[in-house]
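S.K.: predicted model and sequence below, questions to follow.
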Amino acid sequence: MDDSEEIDPAVQSILDAARERGGGGDRVSVSPRSLSDAFDAVAADGRTPVIAEIKPTSPTADGERTDDPVDLARQMVEGGAAALSVLTEPDHFGGSAAALERVRDAVDVPVLRKDFILHEDQLDVVEADVVLLIVRFLEADGTDDLADLLTAARERGFQVLVEAHTPAEVETALEAGADIIGVNNRDLAELDVDLGTFESVAPDVPEGVTLIAESGIQTADDVTRMCDAGADALLIGSAIMDHDAATDVEANTRRLTRADTDAVETTPTDT
Ligand SMILES: O=P(O)(O)OC[C@@H](O)[C@@H](O)c1c[nH]c2ccccc12
């Protein structure tokens, strides 16, 4: 629908690959770990709910992190992450369904499958507690309808995070019945990040909806800023992963999950 606004060539290439990718085999049926219970539990413990993302690389990253995803997942949980996000897109993010499966077996927290799902059968690739649906991409021709995909995902047991970037996309998400909305600070047309996006779009999201701030959150101040603007939880990848294998993933996670609380943590000096 909205193909008139040029999207970044890197994003177009992701979309083209997603269109080609087949689905799974048998229809999956998931008994999901509750995302809202996980957020409540960490909040009760004085931490900020953070979904820590395992993203080996991305079109905007330098290099690729090749550590075992299970090791990374354990460090993130040890550092206080409420939930994990695992990229399963293979061609541009270095992800795989197998990595998600191993991670979900190794931890107790909910796991989000991060991918570019355009068709119902792509829901059947792997079990996860939450799947991502991106409004912007489901407006393109030749993709399934957002509301239909949302229903199809819920019928399989998935919780659904619907990603928006503008007030119009939030409206679309709400009309489709979304109850968990992520506002992506990264503009998929340009690939640049502006935390002001969340601040300007958040007021359009009604109280009863779980609201997640996504992308570009680097520092403790950024965490506070997103929480002040109404975020119930934050999705953080690069600042935790870094693409320098020497980075301490557990310490990074701890620093950001403790950022909006009074808890005092020592901050690593090399980040
Ligand atoms: O690494 P960052 O800037 O902390 O961003 C994490 C996450 O929000 C980002 O990876 C993301 C948001 N929406 C997506 C959709 C597909 C792939 C990736 C994403």
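M.R.: Everything's here; your move. Numbers count the residues shown, from 1 in each chain.

S.K.: can you name the residues of this structure sitting close to the ligand?
M.R.: With C-beta under 6 Å from any ligand atom as the criterion, the chain meets the ligand at residues 53, 55, 114, 163, 184, 214-217, 235-239. Every C-beta, even on glycine, is put in place using the N, C-alpha and C of the backbone.

S.K.: just send those back as JSON lines, with neighbour count and pLDDT too.
M.R.: Formatted as JSON lines, the residues of the chain next to the ligand follow (neighbours: other C-beta atoms under 10 Å; pLDDT from 0 to 100):
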{"residue": "E53", "neighbour count": "26", "pLDDT": "97"}
{"residue": "K55", "neighbour count": "23", "pLDDT": "92"}
{"residue": "K114", "neighbour count": "28", "pLDDT": "98"}
{"residue": "E163", "neighbour count": "25", "pLDDT": "98"}
{"residue": "N184", "neighbour count": "24", "pLDDT": "98"}
{"residue": "E214", "neighbour count": "29", "pLDDT": "98"}
{"residue": "S215", "neighbour count": "24", "pLDDT": "97"}
{"residue": "G216", "neighbour count": "20", "pLDDT": "97"}
{"residue": "I217", "neighbour count": "27", "pLDDT": "97"}
{"residue": "L235", "neighbour count": "26", "pLDDT": "98"}
{"residue": "I236", "neighbour count": "28", "pLDDT": "97"}
{"residue": "G237", "neighbour count": "22", "pLDDT": "95"}
{"residue": "S238", "neighbour count": "18", "pLDDT": "93"}
{"residue": "A239", "neighbour count": "21", "pLDDT": "94"}
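
S.K.: among the residues you listed, which are in helices?
M.R.: 238-239 (DSSP state H).

S.K.: and the residues of the chain next to the ligand, which two are furthest apart?
M.R.: E163 and A239 (18.7 Å; C-beta to C-beta).

S.K.: break down the chain into its strands, ranges please.
M.R.: Ranges of strands within the chain are 50-54, 83-87, 111-114, 130-134, 159-164, 180-184, 210-214, 233-236, based on DSSP state E.

S.K.: quick one: these as JSON lines, columns for distance to A153 too.
M.R.: Output for those, formatted as JSON lines (distance: least, C-beta to C-beta, whole Å):
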{"stretch": "strand 50-54", "distance to A153": "17"}
{"stretch": "strand 83-87", "distance to A153": "16"}
{"stretch": "strand 111-114", "distance to A153": "10"}
{"stretch": "strand 130-134", "distance to A153": "5"}
{"stretch": "strand 159-164", "distance to A153": "5"}
{"stretch": "strand 180-184", "distance to A153": "11"}
{"stretch": "strand 210-214", "distance to A153": "16"}
{"stretch": "strand 233-236", "distance to A153": "18"}
